[in-house]
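Colleague: following is a predicted model, sequence given first.
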Amino acid sequence: MQVAFTSAEILAMVSPQRTAGATAETICGIAALAQAGTGDLSFLGNAKYKSEVADCRASVILLPLDFSGEPAANQLHLFVENPSVALARICARIEQLLWPKPPAGIHPSSVVAPTAKVASTATIGPLCVIEAGAVVGAGAFLQASVNVGSNAQIGRDCWLLPGVVVGAECVLGARVRLQPGVVIGSDGFGYEFVNGRHEKVPQIGTVVIGDDVEIGANSTLDRARFSRTVVGEGTKIDNLVQIAHNVVIGRHCILCAQVGISGSTTLEDYVILGGQAGTGGHITLGKGSKAGGRAGITSDVPAGAYVNGNPAIPYMLERRLVVLHQRLPDLFKRVDILEQKTK
Amino acid sequence: MQVAFTSAEILAMVSPQRTAGATAETICGIAALAQAGTGDLSFLGNAKYKSEVADCRASVILLPLDFSGEPAANQLHLFVENPSVALARICARIEQLLWPKPPAGIHPSSVVAPTAKVASTATIGPLCVIEAGAVVGAGAFLQASVNVGSNAQIGRDCWLLPGVVVGAECVLGARVRLQPGVVIGSDGFGYEFVNGRHEKVPQIGTVVIGDDVEIGANSTLDRARFSRTVVGEGTKIDNLVQIAHNVVIGRHCILCAQVGISGSTTLEDYVILGGQAGTGGHITLGKGSKAGGRAGITSDVPAGAYVNGNPAIPYMLERRLVVLHQRLPDLFKRVDILEQKTK
Amino acid sequence: MQVAFTSAEILAMVSPQRTAGATAETICGIAALAQAGTGDLSFLGNAKYKSEVADCRASVILLPLDFSGEPAANQLHLFVENPSVALARICARIEQLLWPKPPAGIHPSSVVAPTAKVASTATIGPLCVIEAGAVVGAGAFLQASVNVGSNAQIGRDCWLLPGVVVGAECVLGARVRLQPGVVIGSDGFGYEFVNGRHEKVPQIGTVVIGDDVEIGANSTLDRARFSRTVVGEGTKIDNLVQIAHNVVIGRHCILCAQVGISGSTTLEDYVILGGQAGTGGHITLGKGSKAGGRAGITSDVPAGAYVNGNPAIPYMLERRLVVLHQRLPDLFKRVDILEQKTK
């Protein structure tokens, strides 16, 4: 990982509730319990690996408060409420060290319209295009080869990775992170069938993305027919996800890779969709509802419900149907026998 | 929407068969019947919302010819054959006003090979690359960061949005619109297994796209092994769609988001595929055939047929099987009882 | 195909075990048996088309060693062990002629960090960005608009097509070919749920790609949480495929279009996944195992197994269940009759 910390630096980042043991090693790696060696930091993120701690050779181990066990020689145990969160904080520090944001300013190879407004603390890397009237907020970082359309707004401290396209009029909140190749504001898919041809319904709405949203590589979010396609604050979207026009996604949702949301569908807050799931259009997934991977959601889902399968039905029922489905050969045989008996 | 029309301007665009009422308002928004207010235009696109017209506060409403009802005060009713089509025409005008094509010419930051032929009326925006022998037709608009490979041809009045890649030798007809990140002419996926390794089958064919085709963000269309991958005139393709090598798609088809078409498959004219559907290779989907979302099409589909499910079967049969599948717990119980009775 | 070969040149490329007949034609096209005409080369790649050879009008035909039949007048038969492989070799030659690698050197429009190391025999086309510390190996070809992140390594003779993004620290072996829009090293999708919000788990690992790997257009490969996401030597990945963080893919695997592999899953060598298949996380697909298109793989797959369906089960069982599923209407009727009989 090309960075190194003393145990004192780790302590300062993690603020453990208590510690045990000590180490003189410099920490220059992170590894799972079974793989870690001298100079590594490890962690117990899942209780099922508890038995691996005793033999772990990491120099520093993050442990939950209720863990009991003694550190090895030259080993430091740090007790924290949530070892995974503590690890995330160390990794955030490493990320900053590995990939510091370059100094503010506009790279001379970028093409910025005279009427665009770029904050003096923003960093515009090489070969970006910023069209007329666009606004780039304080501290925002457009890494390279990013396109921002006319009148689009990029919030403060956003990070747009190479190849991102933000279309005209679209709006990003603060601290939005867009992975490479994300497209915000492509045309919604709308046509009227007239005289044997599909006549285009122009898509003149926008996309509005809330604060702290992250969107994965090559995902696509269509602009509304008119009005707005919306992604709420804190929602996280994985790679290759499709969000159609006029979709409204609530706050703090999780959409795994290759999910597709059809037009005008609403996801309320805290919805979770497994990978490759898809929804029909014009439906509502209630607050905190959840769908398994590859689910095909064709109608409204009540708040808090967990659905699975295609078409998606309540999870426990779907699991039961899968079992019965696999017992069909036996069922057909049983009916054969019954028919012979009752001849 | 940052543009405004008088009611006279709206009238000129829509050419209604008759009108009722009048308004003095300037129209500066479009909204659904229930959301519209003063200064908005609204429309009755679906008869099921008919009852919402009476309370609608829009200043102008587009209505079907058979609608009966009186306009409110300061409200103009416009009667047209198809309100959705009329709205689309207004939106087309708004789109032109919002995002006018920049003046013709080649932005100095673009890299155009000396042997490329760019029409004098074409607009090449910033940071494009146009390789040797490529042709860009009259009125075409390459917005920004577009790559056009050697000997590729871009038809007249095409609009290629930022990040589009058109590979060598590929051909686009007139008025083709490619959303951001579309890739035309990536290598087809072909290998021969020789001595434990997959030896590449070079893909030396092209992709040929007909007039008035639109393709959604980050969709990918592979070049043929040799010969051509084809998309027929007027076909519309949504985001994140995969078209494999040697596929032939007819005219006026609709492919919704995340559809995948395997190699050498043929779609005849007017085929419609729902989102996330996929087809096997080397099959034919007949004229006007249709598949539901997430359908897995593994064999030929007759002209006009509507299929669903995975593997896809006739729609009505599939719906019936879904119902019976959900009654499996009951069926197993019934067989249990029968077995006890006949012991 | 814009290139032409004499029959002597074809002979030199193919080295047939024996020949029959002769042709005076120059070969300037490749076509299937039924479509080929004078001046074309054709081939018998699949025994089921054997009967088409007699009427084929191609000037040169590649045939398997065991084919019996006489050439037409002015027609040359070339007998080879594997006609498809022989054709691939001819096509590779054509590919080189059609799209020769431009001379070595860095296009002046590209932005290359002073600390990047670009081999003198590498070709960096227009509008690329190469960040600090990155290494581009001998003979590598970055066609145009390619982004290479800090400290990334591009192996010798790689070909990166327009719009490719290789993230910081990621490593490509030799002869890796990345189609347009591929993203290597996007953030893995990892969050901890803390106080009602998804707190980011920074993804500070890398992606390591082996020699001779090819990856299709707009596919995305996430960097590891820490450590590495791995793709083994010779593996071929189609378009729009998603590889999550910490996935380990073995050597010589085939992943068809729109496949998704969830986090920390392992594919051993020679795994084959059909289009739109998906896997759960933290599972292992054994050596040489295979899954059909659209399979949903939720648990470990033994080496050599062939699975299908969702959830994926052994292929023959899945095929049988599909048949029985379609006989459910009949089964329900049979149980109705049994119930009436035993009343």
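Modeller: That came in fine, so what should we check first? All values reported here derive from a predicted model rather than from experimental measurement.
Colleague: pass me the low-pLDDT residue ranges in the stretch 1-150 of chain A, would you?
Modeller: Along the stretch 1-150 of chain A, segments meeting pLDDT under 70 span A:1-2.
Colleague: at 50 what do you get?
Modeller: Applying pLDDT under 50 to the stretch 1-150 of chain A flags residues A:1.
Colleague: give me every residue in the stretch 101-250 of chain A lying close to chain C.
Modeller: Applying Cβ under 8 Å from any Cβ of the partner chain, we find that the stretch 101-250 of chain A lies next to chain C at A:107, A:109, A:125-127, A:144-145, A:161-163, A:177, A:179-181, A:212, A:214, A:216-218, A:234, A:236, A:238-240. Where C-beta positions appear, they are placed from N, C-alpha and C, glycine not excepted.
Colleague: which of these count as buried?
Modeller: A:107, A:109, A:125-127, A:144-145, A:161-163, A:177, A:179-181, A:212, A:214, A:216-218, A:234, A:236, A:238-240 (16 or more other Cβ atoms under 10 Å in any protein chain shown).
Colleague: ok, and which of the residues of the stretch 101-250 of chain A next to chain C reach chain B?
Modeller: Okay, of those touching chain B (Cβ under 8 Å from any Cβ), that's A:109, A:127, A:145, A:163, A:181, A:218, A:240.
Colleague: what's the span of stretch A:307-316, first residue to last?
Modeller: By Cα to Cα, to the nearest Å, the extent of stretch A:307-316 from end to end equals 8 Å.
Colleague: one more: stretch A:236-247?
Modeller: OK, stretch A:236-247 end separation, Cα to Cα: 15 Å.
Colleague: ok now it, how far from the chain's centre?
Modeller: Centroid displacement of stretch A:236-247 relative to its chain, using Cα atoms, centre = their mean, to the nearest Å, is 11 Å.
Colleague: just for the stretch 151-300 of chain A, where's the confidence low?
Modeller: For the stretch 151-300 of chain A, no range has pLDDT under 50.
Colleague: what about the residues of the stretch 101-250 of chain A next to chain C, which are in strands?
Modeller: With DSSP state E as the criterion, strands contain A:177, A:214, A:236 from among those.
Colleague: ok, and what's touching the host helix or strand of residue A:184?
Modeller: Take DSSP states H and E as the rule and residue A:184 turns out to sit in strand A:183-186. Residues outside strand A:183-186 that contact it (Cβ atoms under 8 Å, 6 or more residues apart in numbering or on different chains): A:149, A:152, A:164-170, A:172, A:178, A:206-207, A:209, A:215, A:218-223, B:161, B:163, B:179-181, B:216-218, B:239.
Colleague: what about dumping the CA coordinates of that strand to CSV?
Modeller: Written as CSV, here are the backbone C-alpha positions of strand A:183-186 (Å, rounded to 0.1, in the frame of the first residue of the first chain):
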residue,chain,number,x,y,z
VAL,A,183,-23.2,9.2,-17.5
ILE,A,184,-25.7,11.6,-15.8
GLY,A,185,-28.4,13.0,-17.9
SER,A,186,-28.6,10.9,-21.0
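Colleague: after it, which helix or strand is next?
Modeller: Moving toward the C-terminus from strand A:183-186, the next helix or strand (DSSP H and E) is strand A:191-194.
Colleague: and the helices in the stretch 51-200 of chain A?
Modeller: Per DSSP state H, counting those that start in this stretch, the stretch 51-200 of chain A carries helices over the ranges A:83-98.
Colleague: phi, psi of residue A:314?
Modeller: Backbone torsions of residue A:314, given as degrees, to the nearest 10, read phi -50, psi 140.
Colleague: give the contact list for it.
Modeller: Counted by Cβ under 8 Å, 6+ apart, residue A:314 has contacts A:305, A:306, A:307, A:308.
Colleague: show me what contacts the residue of the stretch 201-343 of chain A found nearest chain C?
Modeller: In the stretch 201-343 of chain A, the residue that lies nearest chain C is residue A:217 (3.7 Å; Cβ to the nearest Cβ). Residue A:217 sits next to A:179, A:180, A:181, A:182, A:239, A:240, C:183, C:186, C:220, C:222 when contact means Cβ under 8 Å, 6+ apart.
Colleague: 10 Å instead, please
Modeller: For residue A:217, the contacting residues are A:161, A:163-164, A:178-182, A:238-241, A:257, B:218, C:165, C:167, C:181-187, C:218-222, C:242, by Cβ atoms under 10 Å, 6 or more residues apart in numbering or on different chains.
Colleague: that older thread, tell me the strands beside the strand holding residue A:184, with direction?
Modeller: Using DSSP bridges, strand A:183-186 pairs in its sheet with strand A:165-166 (parallel), strand A:220-222 (parallel).
Colleague: what is the neighbour count of the closest residue to residue A:49 other than its chain neighbours?
Modeller: Of all residues not flanking residue A:49 in the chain, residue A:33 sits nearest, at 5.6 Å (Cβ to Cβ, 6 or more residues apart in numbering or on different chains). By other Cβ atoms under 10 Å in any protein chain shown, the residues close to residue A:33 number 22.
Colleague: please tell me how far residue A:33 sits from chain B.
Modeller: Using Cβ to the nearest Cβ, to the nearest Å, we find residue A:33 at a distance of 36 Å from chain B.
Colleague: please tell me how far that residue sits from residue A:25.
Modeller: 17 Å (Cβ to Cβ, to the nearest Å).
Colleague: please apply the same query to residue A:236.
Modeller: Distance from residue A:236 to residue A:25, by Cβ to Cβ: 35 Å.
Colleague: same thing with residue A:83?
Modeller: Residue A:83 is 19 Å from residue A:25, by Cβ to Cβ.
Colleague: between these two, which one's more packed in?
Modeller: Just comparing residue A:83 and residue A:25: by other Cβ under 10 Å the higher neighbour count belongs to residue A:83, 23 against 18.
Colleague: who does residue A:215 bridge with?
Modeller: Beta-bridge partners recorded for residue A:215 (DSSP bridges): residue A:178, residue A:237.
Colleague: ok, it - contacts?
Modeller: A:164, A:172, A:176-179, A:182-184, A:209, A:221, A:231, A:235-239, A:241, A:243, A:255.
Colleague: now restrict the residues you listed to buried residues only.
Modeller: Here, 16+ other Cβ under 10 Å leaves A:164, A:172, A:176-179, A:182-184, A:209, A:221, A:231, A:235-239, A:241, A:243, A:255 buried among those.
Colleague: residues near residue A:130, how many?
Modeller: Per other Cβ under 10 Å, the neighbour tally for residue A:130 reads 29.
Colleague: please apply the same query to the one 5 residues further on.
Modeller: Using other Cβ under 10 Å, residue A:135 has 18 other residues around it.
Colleague: that one reaches residue A:166, doesn't it?
Modeller: No: assessed by Cβ atoms under 10 Å, residue A:135 is found out of contact with residue A:166, at 11.1 Å.
Colleague: shared neighbours, those two?
Modeller: In contact with both residue A:135 and residue A:166: A:148, A:152, A:153, A:154, using Cβ under 10 Å, 6+ apart.
Colleague: save those as TSV, and put in neighbour count too.
Modeller: Output for the shared contacts of residue A:135 and residue A:166, formatted as TSV (neighbours: other Cβ atoms under 10 Å in any protein chain shown):
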residue	neighbour count
A:148	33
A:152	26
A:153	21
A:154	31
